[in-house]
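J.: when you get a sec, could you give me coordinates for this:
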Amino acid sequence: MGWLLAVATGATMAVLLGVLYRPLGDYMAWVFTTSKDWTIERWLFRLVGVNSKSEQSWQAYLRAVLTFSAVGLVGLYLLQRTQHLLPYSLGLPPVPEDLAFNTAASFVGNTNWQSYSPEHTVGYVVQMAGLSVQNFVSAAVGLAVAIALVRGFASRRTDTLGNFWVDLVRGTLRILLPLSVLAAVILLAGGVIQNFNGFTEVTTVTGGTQSIPGGPVASQEAIKMLGTNGGGFFNANSAHPFENPAPWTNLVQIFLLLVIPFALPRTFGRMVGDHRMGYAIVATMAVFFVAVFTLLTIFELFGNGTAPQLAGGAMEGKEQRFGVVGSTLFASATTGTSGGAANSMHGSYTALGGMIAILNMLLGEVSPGGVGAGLYTILVMAVIAVFLTGLLLGRAPVFLGKRIGVRELKLTSLFILVMPTLALVGMAVSLAIPAVHDEIVGTAMGNPGSHGLSEVMYAFVSAAINNGSAFAGFNANTPWLNTALGIIILLGRFVPIALVLALAGSFASQDRTASQAAELPLHRPQFVGLLVGVIIFVSVPTFFPILTLGPLAEGLG
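T.: Alright, predicted model coming up:
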């Protein structure tokens, strides 16, 4: 019965995503290629002094990304530190310095790692004016960077990649905002709350009292999922009935997580004039997603022990209204994007199920990845795959008419080293300092042994890859972890962005190769298989030793 439900649910999601692949992908391509500005956009450009017709070099584009993100970081930090002075603060004190930094870095970095219980830490103004705003613009930044890389492939002999401010505004106003409004209305109809009621004291059936939280949840929930952000309005995130009331709203939220990342390959194909390459990219994303969902569902449906067998699956940490399949599909989506949201406790999954969630992040979140980030990550992997194919066949490595030379190979090599370096070095430094080691082992880790190591590993990988989900037993709200993870989040976000823009600039400066015969047939299934293999080979071996000490040791033991 569980298998039939998994197949039916997966097929339904595939159909829904397939229906929107072309129209949404084509619409996004139009958004970023049209020369006409909307009236409200012209007003905004005049307000900030931007000439929408001027284009930027990759260096200027990067400076704009960093400047905008830095302003957002400082603004969100100050908003949290002064929330006791703001209306609708619910009587909450200022957020502590280290936690405010971590939260600001997390939301600006499209990670939404939360070391705190939101309903007891931040008020409504911080939620709406701070966190929700960053949900929009951080997603728009990732989208803009991906489009800049696509322009690099599509352009010929130019030193510009477009205009960041135009891409940011259009991505927000033309894509994220209207889709979020529609999604919020649907979620409202499904029972997600939207109010300013604060906390309501009620009397329970046993005669006790309970504090019921309220808040403007639906509006934040929509962009939380659509922008692959993941920060919950409540501590229970999408397991909370006020955020995710029913099985069908659960499917809506999963769909929102996946719809833009899975449509972006169509946008890519349309902008570079090669739809077949777009199909190859989306097929690669789909292969990984199906594989992760299948393995995760197997491990959770057939968990060892009497309790899982009697319950029909490993139900610990899962909501009864979603069941195993609704939980594993959500977990596959959220660890395969930069979503970070959760409708179940990943730390309560079986050992091998938890390992699959970690592996999904280690792959670089390309199944299908975050808004923008998934596309530019898999395109970098495609560049590496083309280079290796050229070496194997003795042909010049050419991708979409652009030669892959020493400069391009250096940039892609640095790109794939960023996440493992940040995650493993961050873990090593934290565990090597005696005082921090004692703090992590004695306070942060909720479990001893292999599972405790898995908790630490999950946290640092999640921060480095800008995911934001966690094993729930890990308490990261300490000064060291808040600061260290915040720094890792920022480096994990903006170092790859810098390398991607440099790569885009390098490709944009080239002309197309004179002979199309030099190009490899990249749209065929063989290349999809090669790309899948390259992504696995690049991502997994680096972490294999620590996987054997963590989830593998726990699962095989």
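
J.: and the gap between the spatially most distant residue from the centre of the chain and F199?
T.: Distance from the centre of the chain peaks at G207, with 43.2 Å (Cα atoms, centre = their mean). Counting by Cβ to Cβ, to the nearest Å, the gap from G207 to F199 is 19 Å. From N, CA and C alone the C-beta is placed, and that goes for glycine too.

J.: where does this protein have low pLDDT?
T.: 1-2, 304-312, 514-519 (pLDDT under 70).

J.: for it, which residue is closest to the average position?
T.: Nearest residue to the geometric centre of the chain (Cα atoms, centre = their mean): S338, 0.9 Å.

J.: right, and that one touches K224 too?
T.: No: using Cβ atoms under 8 Å, S338 is not in contact with K224; the gap is 11.6 Å.

J.: got any residues that touch both of those two?
T.: Listed as contacting both S338 and K224 by Cβ atoms under 8 Å, 6 or more residues apart in numbering are G230.

J.: hmm, back to that, how about the residue nearest to the residue nearest to the centre of the chain when sequence neighbours are not counted, phi and psi?
T.: In this structure, S338 finds its nearest non-sequential neighbour in G370, 3.1 Å apart by Cβ to Cβ, 6 or more residues apart in numbering. Main-chain torsions, G370, degrees, to the nearest 10: phi -70, psi 170.

J.: so who does G370 touch?
T.: N110, A139, G142, T228, P261, T337, S338, G339, N466 are the contacts of G370 under Cβ under 8 Å, 6+ apart.

J.: give me the buried positions along the strand or helix carrying the third one.
T.: Spelled out, it's G142. Assessed by DSSP states H and E, G142 sits inside helix 133-154. Neighbour counts over helix 133-154 (16 or more other Cβ atoms under 10 Å) mark 133-154 as buried.

J.: please enumerate the helices of the stretch 151-300 of the chain.
T.: Along the stretch 151-300 of the chain, counting by DSSP state H, counting those that start in this stretch, helices occupy 164-170, 177-189, 217-226, 247-272, 275-301.

J.: which among those helices is found nearest to A100?
T.: Closest approach to A100 among the helices of the stretch 151-300 of the chain (Cβ to Cβ): helix 217-226, 18.8 Å.

J.: other SSEs contacting the closest one?
T.: helix 133-154, helix 177-189, helix 247-272 (3 or more Cβ pairs under 8 Å, 6 or more residues apart in numbering; DSSP states H and E).

J.: now do it and helix 133-154, the angle between them.
T.: Interaxial angle of helix 217-226 relative to helix 133-154 (axes from the mean of the first three to the mean of the last three Cα atoms, to 10 degrees): 30 degrees.

J.: export the helix holding G142 to CSV, keeping only CA atoms.
T.: C-alpha atoms of helix 133-154 as CSV (Å, rounded to 0.1, in the frame of the first residue of the first chain):
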residue,chain,number,x,y,z
VAL,A,133,11.5,40.6,2.6
GLN,A,134,14.7,38.6,2.6
ASN,A,135,12.8,35.6,1.5
PHE,A,136,11.9,37.5,-1.7
VAL,A,137,15.1,39.3,-2.4
SER,A,138,17.6,36.5,-1.5
ALA,A,139,15.7,34.2,-3.9
ALA,A,140,15.7,37.0,-6.5
VAL,A,141,19.5,37.3,-6.1
GLY,A,142,20.0,33.6,-6.8
LEU,A,143,17.7,33.9,-9.8
ALA,A,144,19.6,36.9,-11.2
VAL,A,145,23.0,35.2,-10.9
ALA,A,146,21.7,32.1,-12.7
ILE,A,147,20.4,34.3,-15.5
ALA,A,148,23.7,36.1,-15.7
LEU,A,149,25.5,32.8,-16.3
VAL,A,150,22.9,31.9,-19.0
ARG,A,151,23.6,35.2,-20.7
GLY,A,152,27.3,34.3,-20.6
PHE,A,153,26.6,31.2,-22.7
ALA,A,154,24.2,33.1,-25.0
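
J.: that one to helix 275-301, inter-axis angle?
T.: Going by the same axes, to 10 degrees, helix 133-154 makes 140 degrees with helix 275-301.

J.: now the angle between helix 177-189 and helix 133-154, please.
T.: Using the same axes, to 10 degrees: helix 133-154 against helix 177-189 is 140 degrees.

J.: distance from the chain centre to helix 133-154, please.
T.: Computed by Cα atoms, centre = their mean, to the nearest Å, the chain-centroid distance of helix 133-154 equals 13 Å.

J.: what does stretch 389-404 give?
T.: With Cα atoms, centre = their mean as the basis, stretch 389-404 stands 30 Å off its chain's centre.

J.: buried residues of that stretch, list them for me.
T.: Using 16+ other Cβ under 10 Å as the test for burial, stretch 389-404 gives T389, G390, P397, V398, F399, L400, G401, K402, R403, I404.

J.: quick one: end-to-end distance for stretch 113-125.
T.: 19 Å (Cα to Cα, to the nearest Å).
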